[in-house]
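K.L.:
Fold the following and give me the result.
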Amino acid sequence: MNKSVAVIFGGVSNENEISVITGTMAANVLKSGGDSVIPLYVSQRGEMYTGENLADINNFKNGKYSSFPRASVGKNCICVLNKRGKVKKILKVDVALNCCHGGLGEGGGVCGLFALNGIPLASAGMFESAAFLDKYFTKLVLRSLYVPVAPYVYIRKEEDAPTAEKLGYPMIVKPARLGSSIGISRVDNEEQLKEAVAAAFVYDGGVIAEKYFSDRREINCAAYYANGAVVTSECEEAISDGEILSYDDKYAGGGKSVMPADIPPALSRRIKRITAKVYSRLNMRGIVRFDYIISEGKLYLSEINTVPGSLSYYLLSNGFKDFYPVLQAVIVQALEDFKASGEKRVLDTGILNNLPSNACKSKGK
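P.N.:
Residues are numbered from 1 along each chain as shown. Predicted coordinates:
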């Protein structure tokens with residue numbers, strides 16, 4: 001039985017445009033498999049729009065999306081609004097797929113929105129979404145699981161930039177809660193450090209300084225949960241012509257990748273084991289990408305992306321057609337999890353019935 005799937009993408013985020021690529025891709029993959037898809041786009045102003053043709057990426061050029069109907073999320077549905085903001089149509093939703101990158105979209109807001117409205121989400125949950133959007137919280141969680149992370153300093157205020165010097169130069173400076181390599185800089189001296197920290201604070205309220213590995217290799221591994229087991233992808237090596245993997249490397253064809261990565265089999269198995277361990281220990285769901293750094297024979301888990309670019313279809317399948325079963329697997333798992341959670345008891349103590357009528361009223365003088 002085909003399902004009605006809401007695909008939410010965009011968001012109040014610097015990664016809005018990248019999210020449009022991911023969201024329209026996912027919507028079209030699901031449509032090709034026969035599912036009924038409800039695209040739900042969130043603009044950078046926080047407005048929601050819907051319409052079948054929002055699965056066409058051309059409708060996001062020159063702001064064409066704004067001609068589509070406004071929308072909101074309701075109980076088990078997407079509400080299509082008229083020009084006065086009144087509900088004119090209700091679209092039933094069986095399950096939703098989160099394709100928002102960055103901001104509240106990836107950071108737990110979308111999870112909460114759909115949970116409150118009783119809609120299963122075939123993506124990462126609230127905890128991991130919030131924790132792993134923030135690179136500082138990511139370090140704390142990983143260290144608690146005894147997973148190696150690169151030496152770092154968390155900078156809360158711009159004037160605290162000198163505290164990062166204990167890492168030694170060179171180092172990498174980046175906003176704590178941004179992705180897609182936005183706001184990231186390599187710094188080699190005190191003056192560059194101050195400039196990089198100031199630039200990163202333009203985008204975010206927290207900044208991470210991290211030891212720079214000049215001989216590093218960047219390895220990615222994706223995972224999802226289905227049929228009672230964590231499925232991990234083969235390892236991929238992301239290669240940049242520059243000193244860091246930039247925005248252009250990721251999205252404008254500036255970089256390249258090697259799949260599978262040319263690394264020893266034992267190292268590949270170790271990366272997969274760590275990926276599965278973290279995913280499993282945190283009871284994660286949805287498609288998640290784990291980004292590693294290899295330097296001087298040491299392995300570090302650098303970042304965890306709970307809504308990876310293009311949902312990491314290129315790691316988990318041989319193309320869009322082969323990616324449909326992966327999306328179906330995470331959707332089926334979401335429906336099973338939602339059914340199981342619905343069978344848990346919600347306690348009603350009746351305590352309110354025993355309170356006096358003026359219990360919550362302030363007493364006048």
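
K.L.:
hang on, residue 172 packs against residue 183?
P.N.:
No: using C-beta atoms under 8 Å, residue 172 is not in contact with residue 183; the gap is 11.1 Å. (Each C-beta comes from the backbone N, C-alpha and C, glycine too.)

K.L.:
check contacts around the residue most central in space within the chain.
P.N.:
Central residue of the chain (C-alpha atoms, centre = their mean): residue 307, 2.8 Å from the mean position. Residues in contact with residue 307 (C-beta atoms under 8 Å, 6 or more residues apart in numbering) are 19, 22, 98-101, 105-106, 123-124, 129, 286.

K.L.:
just residue 148 next, same as before
P.N.:
Contacts for residue 148 (C-beta under 8 Å, 6+ apart) come out as 142, 298-301.

K.L.:
Kindly recompute the last result at 6 Å.
P.N.:
residue 300 (C-beta atoms under 6 Å, 6 or more residues apart in numbering).

K.L.:
Now do the SS call for it.
P.N.:
coil (DSSP: H, G, I helix; E, B strand; the rest coil).

K.L.:
quick check: mean pLDDT across the longest helix seen in the chain?
P.N.:
Longest helix in the chain by number of residues (criterion: DSSP state H): helix 320-342. Across helix 320-342, the average pLDDT comes to 95.

K.L.:
burial count for the closest residue to residue 296 other than its chain neighbours?
P.N.:
Excluding the flanking residues, the one nearest residue 296 by C-beta to C-beta, 6 or more residues apart in numbering is residue 215, at 6.5 Å. Counted with other C-beta atoms under 10 Å, the neighbours of residue 215 add up to 7.

K.L.:
Figure out the helix or strand that residue 215 lives in.
P.N.:
In the assignment (DSSP states H and E), residue 215 maps to no helix and no strand.

K.L.:
Return the backbone torsion pair for it.
P.N.:
Backbone torsions for residue 215, taken as degrees, to the nearest 10, come to phi -100, psi 20.

K.L.:
Can you read off the pLDDT for it?
P.N.:
Listed pLDDT for residue 215 reads 88.

K.L.:
any idea which helix or strand comes after the worst-scoring helix or strand of the chain on mean pLDDT?
P.N.:
Ranked by mean pLDDT, DSSP states H and E, the helix or strand of the chain with the weakest confidence is helix 247-251, at a mean of 48. For helix 247-251, the following helix or strand on the C-terminal side (DSSP H and E) is strand 256-258.

K.L.:
and that next one, what does it pack onto?
P.N.:
Strand 256-258 sits against strand 236-239, with contacts defined as 3 or more C-beta pairs under 6 Å, 6 or more residues apart in numbering; DSSP states H and E.

K.L.:
show me where pLDDT drops low in the stretch 101-250 of the chain?
P.N.:
Residue ranges of the stretch 101-250 of the chain with pLDDT under 70: 179-181, 241-250.

K.L.:
all helices for it, in order.
P.N.:
103-106, 109-116, 126-133, 135-144, 190-203, 247-251 (DSSP state H, counting those that start in this stretch).

K.L.:
Need the winner for burial among those.
P.N.:
helix 103-106 (a mean of 25; mean count of other C-beta atoms under 10 Å).

K.L.:
who touches that helix?
P.N.:
Here helix 103-106 makes contact (C-beta under 6 Å, 6+ apart) with 11-13, 100, 133, 307.

K.L.:
cutoff 7 Å now
P.N.:
For helix 103-106, the surrounding residues in contact (C-beta atoms under 7 Å, 6 or more residues apart in numbering) are 11-13, 42, 100, 129, 133, 306-307.
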